[in-house]
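[1] coordinates only, sequence not included:
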């Protein structure tokens, strides 16, 4: 363990599911943009 910078010696302590992370991130961003768009549309219609 003298080579602390060697990535092969490090154990993956937190295994991640990258596909699920991307899916959740995409869904959250899509939902956020959808809500902002709906709010902007409602404001636009009500201020006419």
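    Nice, I can see it. Here the structure is a predicted model, which is why all the values come from computation and not from measurement. Numbering: from 1, shown residues only.
[2] when you work out contacts or count neighbours from here on, use the C-alpha atoms and nothing else.
    Will do.
[3] what's the neighbour count on residue 21?
    Close neighbours of residue 21, defined as other Cα atoms under 10 Å, add up to 11.
[4] give me the pLDDT value at it.
    On pLDDT, residue 21 comes in at 91.
[5] in terms of helices and strands, where is it?
    According to DSSP states H and E, residue 21 maps onto helix 18-46.
[6] counting by contacts, list what that helix packs against.
    For helix 18-46, not one helix or strand is in contact under the criterion 3 or more Cα pairs under 8 Å, 6 or more residues apart in numbering; DSSP states H and E.
[7] may I see the buried residues of that helix?
    Using 16 or more other Cα atoms under 10 Å as the test for burial, helix 18-46 gives no buried residues.
[8] need the contact list for residue 23.
    Applying Cα atoms under 8 Å, 6 or more residues apart in numbering to residue 23 gives no contacts.
[9] that one and residue 30, how far apart?
    Distance check for residue 23 against residue 30: by Cα to Cα, to the nearest Å, it reads 10 Å.
[10] shaky segments in the chain?
    Within the chain, the stretches with pLDDT under 70 are 1-4, 13.
[11] again, only this time at 80
    1-16 (pLDDT under 80).
[12] in it, which residue is most central in space?
    Geometric centre of the chain, nearest residue: residue 25, 2.8 Å, by Cα atoms, centre = their mean.
[13] roughly how far does that one sit from residue 47?
    As defined by Cα to Cα, residue 25 lies at a distance of 33 Å from residue 47.
[14] how about residue 17?
    Distance from residue 17 to residue 47, counting by Cα to Cα: 45 Å.
[15] for residue 30, same thing?
    Separation of residue 30 from residue 47 (Cα to Cα): 26 Å.
[16] cool, and residue 38?
    As judged by Cα to Cα, residue 38 and residue 47 stand 14 Å apart.
[17] likewise residue 36?
    For residue 36, the distance to residue 47 - Cα to Cα - is 16 Å.
[18] same question for residue 16.
    46 Å.
[19] then residue 14?
    As defined by Cα to Cα, residue 14 lies at a distance of 50 Å from residue 47.
[20] and for residue 7?
    For residue 7, the distance to residue 47 - Cα to Cα - is 58 Å.
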